[in-house]
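Q: coordinates only, no sequence provided:
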């Protein structure tokens, strides 16, 4: 007799406990709901924040969102191998066998003879680097352009090309002194 | 009082005493380099913004005519060094370690040397600002090699009055003698030029510092100061490289140490090269802009000497004046300590070019192989800026630039003392130049990235705002059309419509949360618009 009582009490305690904890969890999930996708923030923090657009997405935030949606993690040249590894660790993914994309910094150029002034590229540019108006010639402000190439696809007359930023006196850098290889014997 | 003997001198830490090799080029008076067949004038010849060309191809120019206007305050104009015709405005190899092309005006001389109208500048009748602007438009820049626009140095700091103006005649680099010869032959003009700087800066003292290996120059300058009746002090300083660096000379003459975070006028002192003073005087007294300078041509040549050379003379024509010996392999611009190899002799002599050295393997033997750093500390003792080159070397080589910045690599003046004393023959300065340009590039990249991020956020905020505004407009229009029919019933319908719109907007907002809720602009946009994004079709249905 006492045994059955004990069983009832035990079951009741466990049931009540489960019900209480379930309610608490349910309430907490509503009360402390996280807005947005936290993984995007984590991915963004792992990116080098150069906002160069070389991945083909508008800035590091744009690429972080794309990665969360399944884009490859090897598209960030400034982050390099190390950056890709960081992302792989964070997301539990493998680095694609093709290695990390290498792309020299670029900027967009509009062929002024072909531009029809449709403004589609202006709408596509995430950094407002293209100036122009409907039926007016458009042009790219080279110093602002990040080279993401998001403007090339929408252009109906294919008049936007990407150019590599040339080496000039302003961006020229001294090279690391190379080691001399000398004959030992 | 003109006797500099009583002045107490200070010492800077470090420095080296290499062979001076100055005698070779200082025995003959300054010659006048002949008119070259072509003059190539890079438009970017000063620190700051590149001058903008103000002539056209085919235009006939007069000697001294301005061909490039200064762009902004930290910039300097460029002038035609002779009369002739503009044959091209295009990219030409630059007098730079990279040899990369730079926008240049190419002039074909007509040989007539017809001057533009020249007028002396009456300094007393002009305001100081007018004089500064005139110096900028005359293209006067620092001729010690740094080519900082001189007019921009002629303003005292707001907080501090100028105590000393230092005229730099130290010329500490080996082989160079252009300042030496200039002071010997044209001392009075140099001193008069210094008086222009004195009038603009109103210092308590003017100190002219000359190293003790140039007694003739010091004597000539003393005589000139006495003859003109100025109270400038000609101070002979011990020969020790790099006394001619501005901060070191200021330290020696005044005892003031200028921290890297401050500019020298804030410490009440400003420093000018003797060549700068000379060209400033030529402009004020004769109306001649900066179109020529004295350049030392020395090293492995038959006849070393100094030449008054037109800016823009191609190096190939200039070096021929000294008749380089057949075993000459390369030419250096600047001194052997801080200079660099000229990659392309079709580049021109520029305002920054004070010396060209013909180099052969007998004069400058190829550097012996680099050995491992043994951390002996000799470089730290030689460093005039009291840095730790062996640590900087370690971090530069490992590309740990943050650490190098922590150890003040920015203060390095690339004087080469560390590499000169290094027993392992490590080309330390090359490592520091590499690290410094990488650090600089990263800073620029960071600035651009920050600006880009701001633009992306601004654009997102703007798009949201526009969307909300459009929705509001459409809702208002919908209400108007449906409410046009009547009285109280219409009011209720209006209310219902607005509520429906608000509800739809809320749902939409939840479906697409704003991507950058932390930016104030987007928050503001979201607050302003409780009822965005109404489909007109829905509203009227």
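A: Yep, that arrived. All values derive from a computational prediction rather than experimental measurement. Numbering: from 1, shown residues only, chains lettered A, B, ... in the order given.
Q: excluding its backbone neighbours, what's nearest residue B:254?
A: Counting by C-beta to C-beta, 6 or more residues apart in numbering or on different chains, residue B:254 lies nearest to residue B:164, which is 5.4 Å off, once chain neighbours are set aside. C-beta here means a position set from N, CA and C on the backbone, and glycine is covered the same way.
Q: how many other residues sit next to residue B:458?
A: Burial of residue B:458 is recorded as 15 neighbouring residues (other C-beta atoms under 10 Å in any protein chain shown).
Q: is it fair to say residue B:191 lies in a helix?
A: Yes: according to DSSP: H, G, I helix; E, B strand; the rest coil, residue B:191 belongs to a helix.
Q: tell me the confidence at the residue nearest to it when sequence neighbours are not counted?
A: Closest residue to residue B:191 apart from its sequence neighbours, by C-beta to C-beta, 6+ apart: residue B:224 at 4.6 Å. Residue B:224 is assigned 96 on the pLDDT scale.
Q: name the element residue B:224 belongs to?
A: Using DSSP states H and E, the element containing residue B:224 is helix B:215-228.
Q: from memory residue A:135 sits against residue A:117, does it?
A: Yes: judged on C-beta atoms under 8 Å, residue A:135 makes contact with residue A:117 at a distance of 4.3 Å.
Q: got the buried residues for the helix holding residue B:224?
A: Buried residues in helix B:215-228, defined by neighbour count with 16 or more other C-beta atoms under 10 Å in any protein chain shown: B:217-222, B:224-225.
Q: let me know the closest of the residues you listed to chain A.
A: Checking the buried residues of helix B:215-228 against chain A with C-beta to the nearest C-beta, the nearest one is residue B:217 at 34.2 Å.
Q: any idea whether the residue nearest to that closest one when sequence neighbours are not counted is helix, strand or coil?
A: Sequence neighbours aside, residue B:183 is the residue nearest to residue B:217 in space, at 3.8 Å (criterion: C-beta to C-beta, 6+ apart). Assigned by three-state DSSP, the conformation of residue B:183 is helix.
Q: distance check, residue B:183 against chain A.
A: Going from residue B:183 to chain A by C-beta to the nearest C-beta, to the nearest Å gives 32 Å.
Q: if we can go back for a sec, the helix holding residue B:224 - contacts with which helices or strands?
A: Helix B:215-228 is packed against helix B:178-185, helix B:187-201, strand B:205-211, strand B:233-237, with contacts defined by 3 or more C-beta pairs under 8 Å, 6 or more residues apart in numbering or on different chains; DSSP states H and E.
Q: chain B contacts on chain A?
A: Within chain A, the positions near chain B by C-beta under 8 Å from any C-beta of the partner chain are A:35-36, A:49-53, A:58-62, A:65, A:126-128, A:144, A:146, A:167-169, A:171-177, A:179-180, A:182.
Q: quick check on the residues you listed: which are buried?
A: Among these, those buried by neighbour count (16+ other C-beta under 10 Å) are A:49-53, A:58-62, A:65, A:126-127, A:144, A:146, A:169, A:172, A:174, A:177.
Q: so who does the residue nearest the centre of chain A touch?
A: Computing the C-alpha centroid of chain A and ranking residues by C-alpha atoms, centre = their mean puts residue A:63 first, at 1.6 Å. With contact taken as C-beta atoms under 8 Å, 6 or more residues apart in numbering or on different chains, residue A:63 is in contact with A:47, A:55, A:57, A:71, A:75-76.
Q: and residue B:353, how far from residue B:13?
A: According to C-beta to C-beta, to the nearest Å, residue B:353 and residue B:13 sit 30 Å apart.
Q: in chain A, which ranges drop under the pLDDT threshold?
A: Within chain A, the ranges that satisfy pLDDT under 70 run A:1-2, A:178-185.
Q: domains of it?
A: Domain assignment for chain A by automatic domain parsing gives A:38-91, A:104-168.
Q: packed most tightly, which of those would that be?
A: Across the domains of chain A, averaging neighbours per residue (mean count of other C-beta atoms under 10 Å in any protein chain shown) puts domain A:38-91 on top, at a mean of 19.
Q: can you give me the first-to-last residue distance of it?
A: Length of domain A:38-91, first residue to last, C-alpha to C-alpha, to the nearest Å: 12 Å.
Q: check whether residue B:166 sits in a helix, strand or coil.
A: The local conformation at residue B:166, judged by three-state DSSP, is strand.
Q: so what's it closest to, chain neighbours aside?
A: The spatial neighbour of residue B:166 that comes closest, neighbours along the chain excluded (C-beta to C-beta, 6+ apart), is residue B:271 at 4.2 Å.
Q: can I take it that that neighbour is in a strand?
A: Yes: Residue B:271 forms part of a strand when assessed by three-state DSSP.
Q: and it, how far from chain A?
A: According to C-beta to the nearest C-beta, residue B:271 and chain A sit 26 Å apart.
Q: list the contacts of that residue.
A: Going by C-beta under 8 Å, 6+ apart, residue B:271 touches B:165-168, B:246, B:249-250, B:264.
Q: could you pull up the mean pLDDT of the helix or strand residue B:296 falls within?
A: Following DSSP H and E, one finds residue B:296 within strand B:292-299. Mean pLDDT, computed over strand B:292-299, is 96.
Q: buried residues in the next helix or strand after that strand, which are they?
A: Note on strand B:292-299: by DSSP H and E, the next helix or strand toward the C-terminus is strand B:305-310. Buried residues in strand B:305-310, counted by 16+ other C-beta under 10 Å: B:305-307, B:309-310.
Q: same check on stretch B:7-21?
A: Within stretch B:7-21, the residues that count as buried by 16+ other C-beta under 10 Å are B:7, B:12, B:14-16, B:18, B:20-21.
Q: helix, strand or coil for residue B:13?
A: coil.
Q: quickly note the distance from it to residue B:240.
A: Residue B:13 is 11 Å from residue B:240, where distance means C-beta to C-beta.
Q: check contacts around residue 85.
A: No chain in the question, so chain A it is. If you count contacts by C-beta under 8 Å, 6+ apart, residue A:85 has them with residue A:95.
Q: look at chain B instead
A: Counting by C-beta under 8 Å, 6+ apart, residue B:85 makes contact with B:58-61, B:107-108, B:110.
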